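# predicted model, plus sequence, below.
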Amino acid sequence: MPSRSENRTQLIESLMERFPHVPREAVIKEDLLRGGIAFDESALSDNEGGEVKPKSYFIFSFDHGTLPELGAAALRRPPEEIVLTGGPYELRRTVVSVRVNPSSPYRVAADDHGVLGLYLDGARISDVGLPPMPDYYRHTLENGKSVMEVAPTIQWGYLIYLTVFRVCQYFGAKEECQYCDINHNWRQHKAAGRPYTGVKPVEEVLEALAIIDKYDTNKSSTAYTLTGGAITSQIGGKDEADFYGQYAKAIEERFPGRWIGKVVAQALPKADVQRFHDYGVRIYHPNYEVWDPYLFERYCPGKERYVGRDEWHRRILDSAEVFGPRNVIPNFVAGVEMAEPFGFKTVDEAIDSTVEGLQYFMSRGITPRFTTWCPEPTTPLGKANPQGAPLEYHVRLLEAYRATMEANGLTSPPGYGPAGPGNAVFSVSSFMDSLPAEEAAPEDVVAPARGR
Ligand code: SF4
C-alpha cells in the first residue's frame, strides 16, 4: 500500500512496476478517470463555435465539482476526450474521457510554444491531443437545437450516445443509485440555462442522425446507444421496452444497418427483451452495477425494491437466449465496491467479490464490462469518498478481468471498437486498452439490424 507521504507520481510508478502486465497507459488512464483532470484555460474549448469538440455531458456529469465550482471550465467547456501519447512512459495512443477536477494533481496545459501536455505533480508526462470539432456538430436541427445536445458522439466519434430520457424515475435518496447523478446533472444544466432536453422527440433524434450520416463521410460513427433513466411507470403511455424501443425501430427503418444498435436499460422480463430485439437493437446492456448482494441492496435501493438482485441476474441470463450471450454486455461501476461506509475494506476482498461476479456471467458466455467510478460530489457515495477507490483496485481489476475472460475462452465484447493498448477508443474505462489486440472472430461481428 502507498505510504501517506507518497505522491501520485510515486504511486503510479510503483503500480507500473508491481503489475508489469497491465499496460502503463491503463494505469494512467484509470487514475485520470477516478480522480479527474484540471484544465488550464489554454486547454479549454470554445464551445460549439470553436475547433475543439466540447464535452457534451452525455448522461452523468462525470465531474468532481458542480458546474459553478468548475471556474472557467463551466463557461468554456473542456474537450469531450483527450488523447495521450509519448512522454517519459512512452505512452501509446490512449483516449481518455474528460472528468474535470480543478484540484487534481494532473493538469492539461500548453507550454511556452503553445503545445499541450499532461502534467503530473508539475512534470510533463505526455503529449495531449484534443478531438477536432466534427463537421456534423457545425450544423443545427431546424428548431435550432445542436447535434451535440441531441446526438453527441463519444469514444473519438465511434459511438453516438442517445440519452433520450435525461432523468430517472428512481428519484430521491431512497431510490436513486447511490453513485448516480443523472437527476442532479439535469437540474444543474437547467439552472445554468443550458439546452438540456428531458425527453428527446424521436423526430429530433432522426434529424440529428441524418446530419451525422451526411457529414460523417468516413463513417467513423459505428454504433449508437439508446439509454436514459429507468422507467418504472410509463412515458407517453409507453413502458421502458416500448419507450426506448421506439427509437431503435425508427432509426432502423430510416437508416437500415447504418449503425450497430445498443440499448442500456433495466434487466427486463424476457418478453420485453424480445421487443427490444424485434425493434432492431442488437446489443443489450442490463447493467448489474455491483456484484456483492449487501452492496447492491444499499447502492441500488430502487432496483432492489422494484426488481431485486436475484431476479435481476435471472433476467440477464434469460436475455442471453434472445440476444445471444455475446451480445448481452452488462456493466458494473468499478470502484464502488470500496466506497465508505459499506464497501470492502481491502483491495483483496473487493477484487475477490468482483471476480465472483465476472465468473458467474463469463462462465455462461456473457461478457460484462465496466466503467470507472467517478465520485461525483452530489451523490451520497461521491460525497463520502471524494478520492474514489484506491488506484490499486482499478489496476488489479484490469488484470483479473483479462484473466477471467481468458480462463473462460472469451475475447473482447462486440461493439466496442478495437482492443489493445494504442488501439482502443473506449474512453470511460481502460478495459479495452488492457486486452490483447486481435482480429475480431467472425461470430463476434454483430450484424446491424436490417430494419424489421
Ligand atoms: S437506474 Fe440508477 S444508475 Fe440508472 S439512471 Fe437511475 S439512478 Fe442512475
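Sure, I can see it. Note that this is a predicted model, so its numbers are computed, not measured. Numbering: from 1, shown residues only.

# stretch 270-288 - what's its average pLDDT?
Mean pLDDT, stretch 270-288: 98.

# residue 63 and residue 383, how far apart?
The gap separating residue 63 from residue 383 is 14 Å, by Cβ to Cβ, to the nearest Å. In this view, the C-beta of every residue, glycine as well, is placed from N, C-alpha and C.

# so for these two, which residue has more residues nearby?
The neighbour comparison of residue 63 against residue 383 (other Cβ atoms under 10 Å) goes to residue 63, with 27 against 12.

# who's the residue nearest to the more buried one when sequence neighbours are not counted bridged to?
Counting by Cβ to Cβ, 6 or more residues apart in numbering, residue 63 lies nearest to residue 100, which is 4.6 Å off, once chain neighbours are set aside. Counting by DSSP bridges, residue 100 forms beta bridges with residue 37.

# contacting residues around residue 100?
Contacts of residue 100 were listed using Cβ atoms under 8 Å, 6 or more residues apart in numbering, and they are 36-39, 55, 63-65, 70, 73, 78.

# how far off centre is the helix or strand where residue 405 lies?
For residue 405, the element it lies in under DSSP states H and E is helix 391-407. Computed by Cα atoms, centre = their mean, to the nearest Å, the chain-centroid distance of helix 391-407 equals 18 Å.

# by contact count, what packs against it?
Helix 391-407 makes packing contacts with helix 8-18, helix 24-35, strand 331-334, helix 347-362, strand 369-372 when contacts are defined by 3 or more Cβ pairs under 8 Å, 6 or more residues apart in numbering; DSSP states H and E.

# out of these, the one nearest residue 146 is which?
Among the helices and strands packed on helix 391-407, strand 369-372 comes nearest to residue 146, with 25.1 Å by Cβ to Cβ.

# pull up the pairing partners for that closest one, direction included.
Partners of strand 369-372 in the sheet, by DSSP bridges, are strand 331-334 (parallel).

# and the partner strand, what's buried?
Neighbour-count burial for strand 331-334 flags 331-334 (criterion: 16 or more other Cβ atoms under 10 Å).

# please apply the same query to stretch 174-182.
175-182.

# and which of those residues is nearest to residue 347?
Of the buried residues of stretch 174-182, the one sitting nearest to residue 347 (Cβ to Cβ) turns out to be residue 179, at 18.6 Å.

# pretty sure residue 231 sits in a helix.
No: read with DSSP: H, G, I helix; E, B strand; the rest coil, residue 231 is coil and lies in no helix.

# now do the contacts for the residue lying closest to it once chain neighbours are set aside.
Using Cβ to Cβ, 6+ apart and skipping the chain neighbours, the partner closest in space to residue 231 is residue 240 (4.0 Å). By Cβ under 8 Å, 6+ apart, the contact set of residue 240 is 230-231, 265-266, 268, 272.

# cool, and residue 42?
By Cβ under 8 Å, 6+ apart, the neighbours of residue 42 are 109-110, 114, 116.

# show me which of those are buried.
109, 116.

# need the contacts of residue 42 in CSV with secondary structure, distance to residue 391 and pLDDT, can you?
Listed next are these as CSV, based on DSSP: H, G, I helix; E, B strand; the rest coil; distance: Cβ to Cβ, whole Å; pLDDT from 0 to 100:
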residue, secondary structure, distance to residue 391, pLDDT
109, strand, 23, 97
110, strand, 27, 96
114, coil, 31, 93
116, strand, 24, 97
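
# near the ligand, which residues of the chain?
Residues of the chain lying near the ligand by Cβ under 6 Å from any ligand atom: 168, 170, 176-177, 180, 182, 229-230.

# would JSON lines of those residues with secondary structure and pLDDT be doable?
Converted to JSON lines, these look like this (DSSP: H, G, I helix; E, B strand; the rest coil; pLDDT from 0 to 100):
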{"residue": "168", "secondary structure": "coil", "pLDDT": "96"}
{"residue": "170", "secondary structure": "coil", "pLDDT": "95"}
{"residue": "176", "secondary structure": "coil", "pLDDT": "96"}
{"residue": "177", "secondary structure": "coil", "pLDDT": "97"}
{"residue": "180", "secondary structure": "coil", "pLDDT": "96"}
{"residue": "182", "secondary structure": "helix", "pLDDT": "93"}
{"residue": "229", "secondary structure": "coil", "pLDDT": "96"}
{"residue": "230", "secondary structure": "coil", "pLDDT": "97"}
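
# nearest to residue 210 among those?
Nearest to residue 210 among the residues of the chain next to the ligand, counting by Cβ to Cβ, is residue 229 at 26.1 Å.
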